[in-house]
Each structure stands twice: as C-alpha cells, then as structure tokens.
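S.K.: Let me see the structure of the following:
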Amino acid sequence: MFELIWGILNAVIFIYFLVVCIKSVKIVRDGLGGLAGLVLVIGLLSFISKEDSKNLAEKNINFYNQDSSNNSTKSKFSGNSFHQDVILEKNLTSVISLDIYFGEEKNDLVIISANCMKGGLISGTKWNVHTIHVDKPKNKNYCNYFVSGSVDWRIMGLKLYSESKIFEGKVILKK
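M.R.: Numbers count the residues shown, from 1 in each chain. Reported below is the predicted structural model:
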C-alpha cells in the first residue's frame, strides 16, 4: 500500500514540475527569446532522462561451469533445461521474483543461471540486486537460495532512502 501512495506522490510532484517548467519556459521565452526557451527545455529533458548506469536493475548470474578457471574450456549447457520462478516479495503494486534456470545432466539436476528482478508498478522505487547465490545439494531435487539487494525510494529521480532486503529459502525444482 505504501508503494502505491509513493507512486501517486511521485506522479503528482512530476505533474506539478511540468506545470512549473511550462511557466518557466514562457517567462524565459518572453524575456530572453525563443532560442533560450528551447535550450531550457532541452536541458530539462536531458536532466530528467539521465540514467544511473552504475546500478543494475537486474542481474543474470551464470552458475554452469563456474569452477572452470580457464574460460576457453567453458561450454554451453546442451541438455534439457527448465525454469522455476520464486516469488520473494509480493506487495499490492509490485513483485520481486527470482528466476532459476536448471537442467538435467548425468541423471542429476544442475543450476544453469539465476536472475532477480522487480516488476509491476515500480514508480518511485528502484530495485538493485547485490548478490544472488543458489546452492543445490547433489542428488536432491531442491536448491537453497540467497538474494540480497536494496530498494531505493526516489522522488523526481533523487534517492531519499535506501532499504536493504535479504531473501533466503529453499525451492523444489520441478521439471
């Protein structure tokens, strides 16, 4: 519920920001000319659309052949592969999920890769994955997972608060 209120607050502030920008462009255009108004609009749009490339919204971690120290000996998984989706957190507006890809090799299941992402209405929040660890005991049909990350609470792109999240548990791997 709080994420929904946060998203609505972000939308209202953004609309107010647009109204202020339109009035500012009119003032600048009347005072300095049309070219100055155009430069102001382009500058504001470039400021708004700036992407933070340091943090990945989602990470895909490959586990297959991770013990091999020489990259040239790594090979792609060639058997049947399967997918298991784990819901880590479900709110009124969004879901954080872990996708585990696994396959059959020599009558045992092996973990191929894992991916963690946030979906739904994510206005005003940003999910950053820090660690994904998936461990499967030999000759068992389940795996243990550990995911750590943080949710950045933002207003107009500015981070106000960062909430740390840790998820761990066990999931049965179904073919």
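S.K.: which residues of the protein fall in strands?
M.R.: Under the criterion DSSP state E, the chain contains strands at 59-62, 81-90, 94-105, 108-120, 125-135, 142-155, 158-172.
S.K.: how about these, which one is nearest Gly31?
M.R.: strand 158-172 (28.4 Å; C-beta to C-beta). For glycine as for every other residue, the C-beta is placed from the backbone atoms N, C-alpha and C.
S.K.: Any chance of the strands of the chain in JSON lines with mean neighbour count, mean pLDDT and distance to Ile42 as columns?
M.R.: What follows is the strands of the chain, written out as JSON lines (neighbours: other C-beta atoms under 10 Å; pLDDT from 0 to 100; distance: least, C-beta to C-beta, whole Å):
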{"stretch": "strand 59-62", "mean neighbour count": "15", "mean pLDDT": "66", "distance to Ile42": "34"}
{"stretch": "strand 81-90", "mean neighbour count": "14", "mean pLDDT": "90", "distance to Ile42": "39"}
{"stretch": "strand 94-105", "mean neighbour count": "19", "mean pLDDT": "89", "distance to Ile42": "33"}
{"stretch": "strand 108-120", "mean neighbour count": "18", "mean pLDDT": "87", "distance to Ile42": "31"}
{"stretch": "strand 125-135", "mean neighbour count": "18", "mean pLDDT": "89", "distance to Ile42": "25"}
{"stretch": "strand 142-155", "mean neighbour count": "18", "mean pLDDT": "90", "distance to Ile42": "23"}
{"stretch": "strand 158-172", "mean neighbour count": "12", "mean pLDDT": "90", "distance to Ile42": "21"}
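S.K.: okay if I get these as a markdown table plus distance to Arg29?
M.R.: Below are the strands of the chain laid out as a markdown table (distance: least, C-beta to C-beta, whole Å):
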| stretch | distance to Arg29 |
| --- | --- |
| strand 59-62 | 45 |
| strand 81-90 | 47 |
| strand 94-105 | 40 |
| strand 108-120 | 40 |
| strand 125-135 | 34 |
| strand 142-155 | 28 |
| strand 158-172 | 27 |
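S.K.: between those, which one is nearest to Val19?
M.R.: strand 142-155 (16.5 Å).
S.K.: What angle do strand 94-105 and the closest one make with each other?
M.R.: With axes from the mean of the first three to the mean of the last three C-alpha atoms, to 10 degrees defining the directions, strand 142-155 sits at 150 degrees from strand 94-105.
S.K.: So what are the sheet partners of strand 142-155 and their directions?
M.R.: Strand pairing for strand 142-155, using DSSP bridges, gives strand 125-135 (antiparallel), strand 158-172 (antiparallel).
S.K.: Between these, which one is closest to Ser24.
M.R.: Ser24 lies closest to strand 158-172 among the strands paired with strand 142-155, at 19.1 Å (C-beta to C-beta).
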